[in-house]
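**Student:** For reference, the sequence and a predicted model appear below.
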Amino acid sequence: MAASSTTKIAWRLQEFEAHSSTVSCLAVGKSSGRLLATGGEDCRVNIWAVSKANCIMSLTGHKTPVECVQFNMSEEQVVAGSQSGSIRVWDLEAAKILRTLMGHKANITSLGFHPFGDLIASSSMDTNIKLWDVRRKGYVFRYKGHTQAVRSLAFSPDGKWLASASDDCTVKLWDLTQGKTITEFKSHIAAVNIIQFHPNEYLLASGSSDRTIKLWDLEKFTIIGSLEGDTSPIRCMLFSSDGSCLYSGATDSLRVFGWEPDRCFDVLPVGWGKVSDLAVCNQQLIGVSHQLSSVSSYVVDLKRVKKSGGSMIRGIIQDNQPLSEPKDPKICALRRNYDRPTTTCSSQRVKQRSDAERRSPEGERRSPSEDEADEKLSSAEIHNAEDYKEIFQPKNAISRTPPKISEPFPAPPEDETVLAIGSQMKDIISPFPDKQQALPLASSTPVQRVEPTVVSYSKRPGPSAASVAPLGPPPPQTQPPITTAKTKAQPKIIPITRNKPIGLNVAEFLPSSPNNRAAALNDEEALSQMKKGHDTMCVMLSSRHKNLETVRAVWARDDMKNALDMAVSMNDLSIVVDILNIINLQPSLWKLDVCTTILPQIDKLLQSNYESYMHTGCTSLKLIMKHFWILISDTLKATPSVGVDISREERHQKCRMCCKHLKNLSNIVKNKAEQVGRHGSTFKELQLLMAPLDDSL
């Protein structure tokens, strides 16, 4: 079995129910790769040990769904942001809340801890970035410049810069001490989802929905590479510990990139779905994804992954001779390295403001009694006392270095498929949080939580975090049930990704008999009954295909506007959605008369029960507001012209019609923005985008 284990490159480690409702975010501790934090629509933050099925503790206090979560460098603290814009920081070792930070007016989209200071950066749907001092209430700085939601934040390893990535397709670099923009990178053509600093060199990587990774030189502020190859948006990235390569996580695949010259070292198909975070632990890469209320973790053996050039290079370089690698990448680096800070960072290194400026004039000021009452409501419920003591309060606080030789997560035997392991785990694990059992796969796996040991720029005093011995079975007592937050009754939404077919009862496909004996029917009768309804489905799909061919022919013969009118006349929303999914990717095709045709259809899409229809409608509405609202507003506000101007009258009529539809859609968006979860988050973002409707007209 040991021999067969070594042949596996990637496998699923576990799958478990993480929350009593949908999981909205997660984060893996980068220092150890062993701790996992998840946030959900049940307004909780749950802490787990990777490969363990039992929740260590639940952090409560948020009153709206948790949208973002992040560990600090030592993994002693965790910060979480909610849909309402509030931020809470917990001390995991003391199992208590440290601070509640209020100031954002919309969903928190990204959070980041300063590498060695008591500072936290946060971003929101309100396009603002704020820098907070955990030891005080009120933000230190507010950085403004992005025009759409900020999706990712990252501090430079020396703690002097902050990078931000946004849906506006730009990456900005901020000077923390001056509170202003250093530069802006604009090469991406779609939303930028993730950014990462190189651990040593002045280099920044950004991953986008345009399926590319851009690499930026932070001395010359120029692009030095564009890494392509992923067939889906870049969801997460991670530099190797020595900075020699970059791991890129996309839907169901891992790519290993090099640069100067740009090249792809290796491509691995990994069935992790929409992976959300990556970490490295003992020559193994840990990838974690979530779907609905479950979380899955995957392991990639980096010892079997190509991380350097050679004859197997895929990409721009196709040489027969392997590329020579420098023995010491730091000596042969093409760029400057980050300087080691001379003193530990404190909030004094950042330009301070007066107490009056530290408070937001829009209502951030809160009385001490309100803060104390709010923090009393926040608590840490320890579900597994043994795990908690071993991980966060170890008896031996000196020996905290993980073993370098032993493999932390053993691979499954070669004859066991990933699906088989997943089904076994589903049978073993009961829904969270009651009556969960430890996984036999990881029963002997130690859990370690350590500080980074090879990072040249960090100078954090004191010992590193904890290592934990193998954990035994959970305590016999029953865990307290988790109470879910009270939410408004919402219409049933059919998600884009789902575990079961819609409206399909599998039992109907099985042959029935008077005595429940399948043998009562012969093979032909059984097949005939199983095929019932198949012809009807084929007719429906053939009809849809025929309609699409008709629309395509009109588009080829006339233009896109006539094709769109034809699709609308068919009175089939699925056809409209198919066409919109195409033209949403090409804003240059849109004209004002196209908006007049699309807006009534968007009304139907936003009120549909299908999540995919709502998503398409929201995308089209965002595009119209972004590209046409200024034209509509200026046209309607313009003074009447002298004489007869037919084209101006037609344009004015179209703008008036669009404005009428937009006002109706604004009311729909406001109602749906009150929902909780990712649907409410999407509509809240739209509500902010459509705010000028209330002010201008």
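**Tutor:** Right, received. Where do you want to start?

**Student:** Can you get me the start-to-end distance on stretch 16-24?
**Tutor:** One end of stretch 16-24 to the other measures 15 Å (CA to CA, to the nearest Å).

**Student:** Could you tell me the average pLDDT over that stretch, please?
**Tutor:** Stretch 16-24 shows a mean pLDDT of 88.

**Student:** Please name the nearest non-neighbouring residue to residue 253.
**Tutor:** residue 269 (5.7 Å; CB to CB, 6 or more residues apart in numbering). No exception for glycine: its C-beta is placed from N, CA and C like everyone else's.

**Student:** I meant to write residue 39 there.
**Tutor:** Distances taken as CB to CB, 6+ apart place residue 66 nearest to residue 39, at 3.1 Å, with adjacent residues excluded.

**Student:** And the one you found, how far from residue 32?
**Tutor:** 22 Å (CB to CB, to the nearest Å).

**Student:** Which of those two has more residues huddled nearby?
**Tutor:** Neighbour tally, residue 66 and residue 32, criterion other CB atoms under 10 Å: the higher count belongs to residue 32, 32 against 27.

**Student:** quick one: secondary structure of the more buried one?
**Tutor:** coil (DSSP: H, G, I helix; E, B strand; the rest coil).

**Student:** Next up, phi/psi of it, please.
**Tutor:** phi -110, psi -30 (degrees, to the nearest 10).

**Student:** so it makes contact with residue 280?
**Tutor:** No. Between residue 32 and residue 280 there is no contact under CB atoms under 8 Å: 10.0 Å.

**Student:** Okay, buried residues for stretch 61-71 please.
**Tutor:** The neighbour-count check on stretch 61-71 (16 or more other CB atoms under 10 Å) flags 61-62, 64-71 as buried.

**Student:** State the pair within these that is farthest apart.
**Tutor:** Greatest spatial distance in these: 64 and 71, 21.6 Å, computed using CB to CB.

**Student:** Figure out the length between the terminal residues of stretch 96-108.
**Tutor:** Start-to-end, stretch 96-108 (CA to CA) is 22 Å.

**Student:** which ones are touching the most centrally placed residue in the chain?
**Tutor:** For the chain, residue 276 is the residue whose C-alpha lies nearest the centre (CA atoms, centre = their mean; 5.4 Å). Residue 276 is in contact with 25-26, 235-236, 288-290, counting by CB atoms under 8 Å, 6 or more residues apart in numbering.

**Student:** can you check residue 199 too?
**Tutor:** By CB under 8 Å, 6+ apart, the neighbours of residue 199 are 157, 239, 241-243, 455.

**Student:** Compare those residues and tell me which is most surrounded.
**Tutor:** Busiest of those [other CB under 10 Å] is residue 157, holding 25 neighbours.

**Student:** That residue should be in a strand, yeah?
**Tutor:** No. Using three-state DSSP, the secondary structure at residue 157 is coil, not a strand.

**Student:** Can you give me the pLDDT of it?
**Tutor:** pLDDT at residue 157 comes out at 88.

**Student:** likewise residue 37?
**Tutor:** 91.

**Student:** Quick check: beta-bridge partners of it?
**Tutor:** Assessed by DSSP bridges, residue 37 has beta-bridge partners residue 27, residue 47.

**Student:** Go ahead and confirm it touches residue 49.
**Tutor:** No. Between residue 37 and residue 49 there is no contact under CB under 8 Å: 11.1 Å.

**Student:** returning to that earlier point: nearest to residue 628 among the contacts of residue 199?
**Tutor:** residue 239 (40.9 Å).

**Student:** ok, that closest one touching residue 246?
**Tutor:** Yes. At 5.5 Å, residue 239 counts as touching residue 246 under the criterion of CB under 8 Å.

**Student:** and for those two, which residues touch both?
**Tutor:** In contact with both residue 239 and residue 246: 196, 205, using CB under 8 Å, 6+ apart.

**Student:** Extract the CA atoms of stretch 527-538 and return them as PDB.
**Tutor:** C-alpha atoms of stretch 527-538 as PDB (Å, rounded to 0.1, in the frame of the first residue of the first chain):
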ATOM      1  CA  LEU A 527     -36.400   0.000 -20.500                       C
ATOM      2  CA  SER A 528     -39.600   1.300 -21.900                       C
ATOM      3  CA  GLN A 529     -40.700   2.700 -18.600                       C
ATOM      4  CA  MET A 530     -37.200   4.200 -17.900                       C
ATOM      5  CA  LYS A 531     -37.400   6.000 -21.200                       C
ATOM      6  CA  LYS A 532     -40.700   7.600 -20.400                       C
ATOM      7  CA  GLY A 533     -40.400  11.300 -20.900                       C
ATOM      8  CA  HIS A 534     -37.200  11.100 -22.900                       C
ATOM      9  CA  ASP A 535     -38.800  11.900 -26.200                       C
ATOM     10  CA  THR A 536     -40.500  14.900 -24.700                       C
ATOM     11  CA  MET A 537     -37.200  16.200 -23.400                       C
ATOM     12  CA  CYS A 538     -35.600  15.600 -26.800                       C
END
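
**Student:** Could you pull up the mean pLDDT of it?
**Tutor:** 76.

**Student:** what about that stretch, distance to the chain center?
**Tutor:** Centroid separation for stretch 527-538 versus its chain: 40 Å, with CA atoms, centre = their mean, to the nearest Å.

**Student:** How about stretch 583-592?
**Tutor:** The mean C-alpha position of stretch 583-592 is separated from the chain mean by 27 Å, CA atoms, centre = their mean.

**Student:** ditto for stretch 603-622
**Tutor:** The answer for stretch 603-622 is 21 Å, by CA atoms, centre = their mean.

**Student:** How about stretch 646-663?
**Tutor:** For stretch 646-663, the distance to the chain centre is 38 Å (CA atoms, centre = their mean).

**Student:** average pLDDT for it?
**Tutor:** Average pLDDT, stretch 646-663: 88.

**Student:** Low-confidence regions, the stretch 1-150 of the chain specifically.
**Tutor:** Across the stretch 1-150 of the chain, the ranges flagged by pLDDT under 70 are 1-7.

**Student:** Thank you kindly, that will do.
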